[in-house]
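Asker: Kindly generate the corresponding structure for this input.
(2 chains)
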There are 2 protein chains.
Amino acid sequence: MFVETCIAPVNIALIKYWGKRHEELILPINDSLSVTLNTDEMCAKTTAAASASFKDNVMWLNGEKVPFEQNARLMRCVKELQQLATAKGKLKFPIEWKLHIASRNNFPTAAGLASSAAGYACLVYTLAQLYGVEKEELTTIARQGSGSACRSLHGGFVRWHMGTRNDGSDSIGSPVVSAEHWQDFHIIILVVNDSRKKTSSTSGMKRAVETSDLLTHRAQHCVPQRIAAVIDAIKNHDFPKLAEITMRDSNQFHAIALDTFPPCAYMNDVSHAIVDFVHAFNKEAGEIKLAYTFDAGPNACLFLLEKDVSAALAAIQNSFPNDAGDSVEYVKGIPIRCEPKEIDAFYNNGTLPKNDKNLFKYIIHTRIGTGPQRLDESKSLLNISNGLPLEN
Amino acid sequence: MFVETCIAPVNIALIKYWGKRHEELILPINDSLSVTLNTDEMCAKTTAAASASFKDNVMWLNGEKVPFEQNARLMRCVKELQQLATAKGKLKFPIEWKLHIASRNNFPTAAGLASSAAGYACLVYTLAQLYGVEKEELTTIARQGSGSACRSLHGGFVRWHMGTRNDGSDSIGSPVVSAEHWQDFHIIILVVNDSRKKTSSTSGMKRAVETSDLLTHRAQHCVPQRIAAVIDAIKNHDFPKLAEITMRDSNQFHAIALDTFPPCAYMNDVSHAIVDFVHAFNKEAGEIKLAYTFDAGPNACLFLLEKDVSAALAAIQNSFPNDAGDSVEYVKGIPIRCEPKEIDAFYNNGTLPKNDKNLFKYIIHTRIGTGPQRLDESKSLLNISNGLPLEN
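Answerer: The predicted structure is shown next:
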């Protein structure tokens, strides 16, 4: 039996991907740009095994058996990697051997945090190790599993080039700068309590392409300028500029979702209260220290520099009080030391909006991170003697 | 003492006005189009008096004294009417005589329903009677009080032409068809409970002009097509077409508000629940029988034909249950007879979303209506012996 285990990071887009020009190949109508999150706090983990003894291709996702051969996107990724391996002629085992794949996210999928990007990036990266094609361009393969997965194959800031070719071979994820370039770039994720049923990203963006009169204007005229400007801001460590572009692009993405017919409202009243809070915080600070961005759901990702984390968290805790306080179950991830004077400064300051209690499920504090990593055998999700999932 | 009393209607835009090209003259960046509501259910009422004995210009709004000479928009309307009256030479009294003006809305201003449009239309129409210039083009004057007031000077469906002249003389409200053209056109207003502080229309649209990258595209490319298409739908009594254009334009207006920086979120979770309800209702009906439109606030205006009112209300009451039930305090305006079989049909039907209780303050049922009307002296808001407000 041959076994490989890897982890891959989550990424959060500063310039959003919304709208495909090719449904099957997952080719977008505009470039997008993301920051890769540290795998210490959030990651997908995959073990892939190949053996002559396996009767069928089987996959387990978070411990549950899921369709394999019936999953067209999954099969497309597997086939592409097998073709690449066959072409290279470096196979350690017959290509016909069946696969056992186990994958887990170390964060709740129910949180509505994009798990498919990390998941497909991890799957493709792990299979590439297994088939011995790890040095190849893998982002075009991961993209066909889940579009934004191509951005999770690199660390730091990553640009997904929309490309122009019909076969999608130039629609790739490529690093803008590595994580080392901006090590004090931090992220706070506010996971919002929500009950509303939402339209899936796939159908929401399909409907936007079909019905929004504003989407083409965004894709052709707004995004190219923003991509150039945000890359400039990243290279110059210009946080206020990056923050403003990020917030504007999040707003425009949700504007497009509303301009869709029927409309998609992904943000809810709590999301809008977070927006109001961030603008009030920045006004109070006298400069832009905090940026928000929202994906196809109500949760907020806040970007900020390490030096501002404790003040920002103190302000968040005062503006959005929670019975769980500073407990590690509520404030997950990198420990935050809120200086008492900072808490006091914001507590005594009446300019920040005061919201109802317990609007968030929990908070995750993380930072910029690197791309996928190969782990040793001891971290396997499959029992290496029989290829069945371990209880972890 | 010379006294005149008039009423003027509220109007609801199907194609929205959002963005000025001239702040003081209130010249818009696109045409807009509205339906005029019946004054039986909602109207502004104004009494204007001129007398040699009045020492100052004084105004009372809903019984409270408000600034007159300090209100630049009000003064601009008064001056323009005085100039017109002087030019015509038909004055019954010296132009120097001071004015007493009392104005009231017969609907709660707290409801967030556009009261300034009806208010300025009524003010201008009443002063025109007083100064004997009632046969003139008044919409350019009313427009300078509150942009959309120019649409409340006519009944039926009204188009506000943006115009091209710098002085605004061709930025007028003109009737598309009279109320008689489509007498069974009804409106249900859902007044939503809300606590969030919102940006005023004036500053929201100013900020949109300054910061939205999508607004110009909307104004130049989307609106002209929609104006033409909705006029076509009105002339052909094509309700489904009118309804779809109306919903799309409401969505696009709120998209632009979100694309503003900082963003303006005028709709709230209840508004979005109404949107979901309307789409579910139409899907269930198998055709578009109901349209929503939202102005710069969370309240919904629903358009529908008279024949569908009782079924729609039955569905609304089931999807948005309220402890007030069918009481006249809760369902105001034209009485609605919900047929028991219609209520049952929707009650037993699980396809419509079920929301929390008591999400609406109240519901108003009204219909298409005519323009401003002159009332007789018995309806005066001012005591005609001393020119002071009456208690009504």
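Asker: quick one: the strands in the stretch 51-200 of chain A?
Answerer: Ranges of strands in the stretch 51-200 of chain A, per DSSP state E, counting those that start in this stretch, are A:58-61, A:64-66, A:98-105, A:157-160, A:173-177, A:185-192.
Asker: okay, and for chain A, where does confidence drop off?
Answerer: A:108-114, A:195-197, A:338-350, A:392 (pLDDT under 70).
Asker: Tell me the residues of the stretch 151-300 of chain A that contact chain B?
Answerer: A:196, A:211, A:213-214, A:217-218, A:221-222, A:244, A:247-248, A:251-252, A:254-256, A:258-263, A:265, A:267-269, A:272, A:275, A:279 (CB under 8 Å from any CB of the partner chain). No exception for glycine: its C-beta is placed from N, CA and C like everyone else's.
Asker: Out of these, which end up buried?
Answerer: A:213-214, A:217-218, A:222, A:244, A:247-248, A:251-252, A:254-256, A:258-263, A:265, A:267-269, A:272, A:275, A:279 (16 or more other CB atoms under 10 Å in any protein chain shown).
Asker: quick one: which of the residues you listed sit in strands?
Answerer: Among those, no member falls in strands (criterion: DSSP state E).
Asker: ok, back up a step: would a markdown table of the strands of the stretch 51-200 of chain A with distance to B:Ser169 be doable?
Answerer: Output for the strands of the stretch 51-200 of chain A, formatted as a markdown table (distance: least, CB to CB, whole Å):
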| stretch | distance to B:Ser169 |
| --- | --- |
| strand A:58-61 | 67 |
| strand A:64-66 | 68 |
| strand A:98-105 | 64 |
| strand A:157-160 | 51 |
| strand A:173-177 | 53 |
| strand A:185-192 | 51 |
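Asker: circling back: looking at the buried ones among the residues of the stretch 151-300 of chain A next to chain B, which are in helices?
Answerer: Judged by DSSP state H, helices contain the following of these: A:217, A:244, A:247-248, A:251-252, A:254-256, A:258, A:269, A:272, A:275, A:279.
Asker: Report the two of the residues you listed separated the most.
Answerer: Maximum pairwise distance in these, criterion CB to CB, is 28.3 Å, between A:His217 and A:Asp269.
Asker: Which residue ranges of chain A form helices?
Answerer: Listed in chain order, the helices of chain A (DSSP H) span residues A:72-88, A:116-130, A:139-143, A:201-211, A:215-217, A:223-235, A:239-258, A:269-285, A:309-319, A:340-347.
Asker: Could you say which of those helices is packed most deeply?
Answerer: The highest mean neighbour count among those, using mean count of other CB atoms under 10 Å in any protein chain shown, belongs to helix A:116-130: a mean of 28.
Asker: That one - contacts with which helices or strands?
Answerer: When contacts are defined as 3 or more CB pairs under 8 Å, 6 or more residues apart in numbering or on different chains; DSSP states H and E, helix A:116-130 packs onto strand A:2-9, strand A:43-51, helix A:72-88, strand A:98-105, helix A:139-143.
Asker: So is stretch A:26-38 next to chain B?
Answerer: No. Using CB under 8 Å from any CB, no contact is recorded between stretch A:26-38 and chain B, whose separation bottoms out at 13.3 Å.
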